[in-house]
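In: sequence and predicted structure below; questions after.
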Amino acid sequence: MSRILAVALLCQLAGPRLHAQPTADSRFDAIVSLTEAKMREYRIPGVAVGVLENGVVTMRGLGVTSVEDPLPITAHTVFPIASISKTFAATAMMRLVEQGKVDLRAPVRKYLPDFHVQDEAVSRDVTIWNLLTHTSGWEGQIAGPERGEETLKNFVSTIGGLMQLAPPGAAWSYNNAGFSVAGRVIESVTGMSINAAMRDLVFKPLALEHAGTTAGEFITQRFALGHGVREDSPPALQRPFVPSTSVTAGGVGLCLTDLLSYARFHLGDGTAPDGARVLTRATLELMRTPQMRKQSMDDEIGLAWHLRTIGSIRTAAHGGTLAGHILLLELVPQRNFAIAILTNANNGWRLIQDVERAALKGYTGAAFATNQAIAHRGLVETLPAVEPLKTQPDPTPYVGRYIRPMNAVLVRATAGRLVVQVAPNSGTPQPEMPVAFYGPDRAVIVDGADRGQSIEFIRTGDGRVNWIRVTGRIAVRAQN
């Protein structure tokens, strides 16, 4: 099929409402209409969107699985859910906690005696709690090669030189590596591969029929392939499809139906569909209880769940980004409400934030306040309403070079304003990002492709600016 014909078919499929569950709910109809409009605006091939309200699920599949071999998205189309997998990992870990096999506050070395990163004190003292809250402080944006059932064991054996960017808890930073270590803990405690452990601890008890952890499981289902969308070009299939090598950091895949069943479980009392006890209500609530505030942000972190207050409601959410797929699951426990949005395009985050905000407004009446800082939840997002400070602070304390293994972040003052630039260790630096402060140590990108995204500066206990956080991940100020 030609690219032009495929895109024409995409436009047709994004228009009519596919696989509609009969509903008289005008709120959901409005969400579907908005989703369709945003699919056309952002050229996104396929979306699955659904809500859960007071136990009632309403879902819709829109668009196609692939522009080259188009099949309609349905409620049972499998998407790789990327970092939403972290909540599945935490769910599995909390089952082991309730069984008395894991202590959240115990050192990782209690379960992995040979565990080691660059800092020996951290190697000795870092806890399971640190892993599940992204507070270990080491570099987190790394993954190991695929080694089958030896993948996580091999990964943990190779991170002895992993750079420590901050003391545990000093500077919250999104950390894939920490969840990979958590997966290895689950393997060690259960004596199973992480694939088998996730099936036994989460998928089977919750009757998630289309859930899996390997590409081999995904391809036996109708599968939403990832797409890249660049400038004004039609969406193009991303080749090859590369699933996450870490199940617990990002390797779960399942359909919208299963994901909303999972949401129902997390909003419930901890029982499975067959009435068996999986977790206690207290444990589910603990997972959504703030463990700490993300420094220089309004958001907090629970056990894997990212926590946010919007108006009078509290949300617990996690997004995901992987190989042309952007996704979100969000819970509003006090309203017994959840929304899931799954897309198969690398710019799907733009659709997700528009649809998410409209859904929260339509179903709960909640809207973001001006200058409400928002923190990274596994997918890119922009500030919905921001007004920079009329008087900008002195840029001097923020200027400098901040480092991490993958790149450096350069902060310069130009005509009294700050410019931030990410510079790889080799190759061409990324475009400059002019920023303006909208609150204490909180800045927003004011121009360019990343306009509206937040950047945070974090201080040490004595008040010195020592870290910068870009897209949820920190770099530490280089010593002069």
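Out: Cool, got the structure.
In: which helix or strand contains L418?
Out: Assigned by DSSP states H and E, L418 belongs to strand 417-424.
In: average pLDDT for that strand?
Out: Averaging pLDDT along strand 417-424 yields 94.
In: which parts of it are buried?
Out: L418, V419, V420, V422 (16 or more other Cβ atoms under 10 Å). The way it works is simple: take the backbone N, C-alpha and C, and place the C-beta from them, glycine included.
In: skip the chain neighbours and tell me the closest residue to the third one.
Out: Take V420 and drop its neighbours on the chain: the residue closest to it by Cβ to Cβ, 6 or more residues apart in numbering is M433, 4.7 Å away.
In: how about the contacts made by that neighbour?
Out: V419, V420, Q421, I445, D447, G448, D450, I455 (Cβ atoms under 8 Å, 6 or more residues apart in numbering).
In: beta partners for the second one?
Out: So that's V420. Here V420 sits in beta bridges with V411, M433, going by DSSP bridges.
In: might one say that it is in contact with A475?
Out: No - contact criterion Cβ atoms under 8 Å: V420 and A475 do not qualify, at 10.5 Å.
In: joint contacts of these two?
Out: V409, I468.
In: not counting sequence-adjacent ones, nearest residue to D258?
Out: Nearest non-adjacent residue to D258, counting by Cβ to Cβ, 6+ apart: L208, 4.2 Å away.
In: let me fix that: Q295
Out: Using Cβ to Cβ, 6+ apart, the nearest residue to Q295 is I458, at 4.7 Å.
In: for that neighbour, phi and psi?
Out: Backbone torsions of I458, given as degrees, to the nearest 10, read phi -130, psi 140.
In: can you give me the helices for this structure?
Out: 3-14, 26-42, 85-98, 120-125, 128-132, 151-157, 176-190, 194-198, 215-218, 247-250, 256-267, 281-287, 348-364 (DSSP state H).
In: enumerate every residue touching the residue nearest to D258.
Out: L208 neighbours (Cβ under 8 Å, 6+ apart): V202, L254, D258, S261, Y262.
In: which of those lies closest to I81?
Out: Closest approach to I81 among the contacts of L208 (Cβ to Cβ): L254, at 6.4 Å.
In: correct me, but the closest one touches A211?
Out: Yes - here L254 lies in contact with A211, judged by Cβ under 8 Å, at a distance of 4.0 Å.
In: the two: who's more crowded?
Out: L254 (28 against 25; other Cβ atoms under 10 Å).
In: the strand holding L418 - contacts with which helices or strands?
Out: strand 407-414, strand 433-439, strand 442-445, strand 465-470 (3 or more Cβ pairs under 8 Å, 6 or more residues apart in numbering; DSSP states H and E).
In: and for M163, the neighbour number?
Out: 17.
In: contacts only, for it.
Out: Contacts of M163 (Cβ under 8 Å, 6+ apart): Q118, W138, E139, R404, P405.
In: with T280 instead?
Out: Per Cβ under 8 Å, 6+ apart, neighbours of T280: E98, G270.
In: would you mind measuring from it to Q99?
Out: With distances taken as Cβ to Cβ, to the nearest Å, T280 is found 12 Å from Q99.
In: longest single strand anywhere in this structure?
Out: The strand that spans the most residues within the chain, counting by DSSP state E, is strand 313-322.
In: circling back to that earlier point, of all the helices and strands packed on strand 417-424, which one comes closest to T382?
Out: strand 442-445 (8.4 Å).
In: what residues sit buried inside the closest one?
Out: Applying 16+ other Cβ under 10 Å to strand 442-445 flags R442, A443, V444, I445 as buried.
In: which non-adjacent residue is nearest the first one?
Out: Across the structure, with Cβ to Cβ, 6+ apart as the measure, the residue nearest R442 apart from its sequence neighbours is A373 (5.3 Å).
In: residue most distant from the centroid, the chain?
Out: No residue in the chain sits farther from the centre than A415, which is 36.0 Å out by Cα atoms, centre = their mean.
In: coming back round to it: tell me what the longest strand of the chain is packed against?
Out: With contacts defined as 3+ Cβ pairs under 8 Å, 6+ apart, the packing partners of strand 313-322 are helix 85-98, strand 306-310, strand 325-332, helix 348-364.
In: look up which residues are beta-bridged to V470.
Out: In beta-bridge terms (that is, DSSP bridges), V470 pairs with I455, R473.
In: list the contacts of it.
Out: V409, V420, V422, I455.
In: okay, and for the chain, where does confidence drop off?
Out: Within the chain, the set of residues satisfying pLDDT under 70 comprises 1-24, 480.
In: would you mind giving the domain segments of it?
Out: The chain breaks down by automatic domain parsing into domains covering 78-385, 396-477.
In: mind checking those domains for the one nearest to R40?
Out: Proximity to R40, assessed across the domains of the chain by Cβ to Cβ, is greatest for domain 78-385 (10.2 Å).
In: how long is the closest one end to end?
Out: Domain 78-385 has an end-to-end distance of 34 Å (Cα to Cα, to the nearest Å).
In: any idea how far that domain is from the chain center?
Out: Computed by Cα atoms, centre = their mean, to the nearest Å, the chain-centroid distance of domain 78-385 equals 6 Å.
In: same thing with stretch 446-459?
Out: Using Cα atoms, centre = their mean, the offset of stretch 446-459 from its chain centre is 18 Å.
In: tell me the buried residues in it?
Out: In stretch 446-459, counting by 16+ other Cβ under 10 Å, buried: V446, D450, Q453, S454, I455, E456, F457, I458, R459.
In: ok, so of those residues, who is nearest L351?
Out: Q453 (16.2 Å).
In: dump the residue contacts of the closest one.
Out: V380, E381, T382, L383, V444, I445, T471 are the contacts of Q453 under Cβ under 8 Å, 6+ apart.
In: now the last one: how far from F203?
Out: Separation of T471 from F203 (Cβ to Cβ) stands at 30 Å.
In: okay, these two: which has more neighbours?
Out: Neighbour count, other Cβ under 10 Å: between T471 and F203, F203 has more, with 22 against 16.
In: list the contacts for the more buried one?
Out: Contacts of F203 by Cβ under 8 Å, 6+ apart are A211, G212.
In: same thing but at 10 Å, please
Out: When contacts are counted by Cβ atoms under 10 Å, 6 or more residues apart in numbering, F203 touches F88, A92, N195, E209, H210, A211, G212, T213, V252, L254, D258, Y262.
In: got it, and I159?
Out: Taking Cβ under 10 Å, 6+ apart as the criterion, I159 is in contact with F115, H116, V117, Q118, S123, W138, E139, I142, G144, A177, S180, V181.
In: thought the fifth one was touching V156?
Out: No - with contact defined as Cβ atoms under 10 Å, S123 does not reach V156; the gap is 11.5 Å.
In: between those two, which contacts overlap?
Out: With Cβ under 10 Å, 6+ apart, S123 and V156 have common neighbours V108, D114, F115, H116, V117.
In: take these and keep only those in strands.
Out: For those, not one is inside strands, with DSSP E as the criterion.
In: before we move on, the earlier item: in terms of neighbours, single out the busier of S123 and V156.
Out: V156 (24 against 20).
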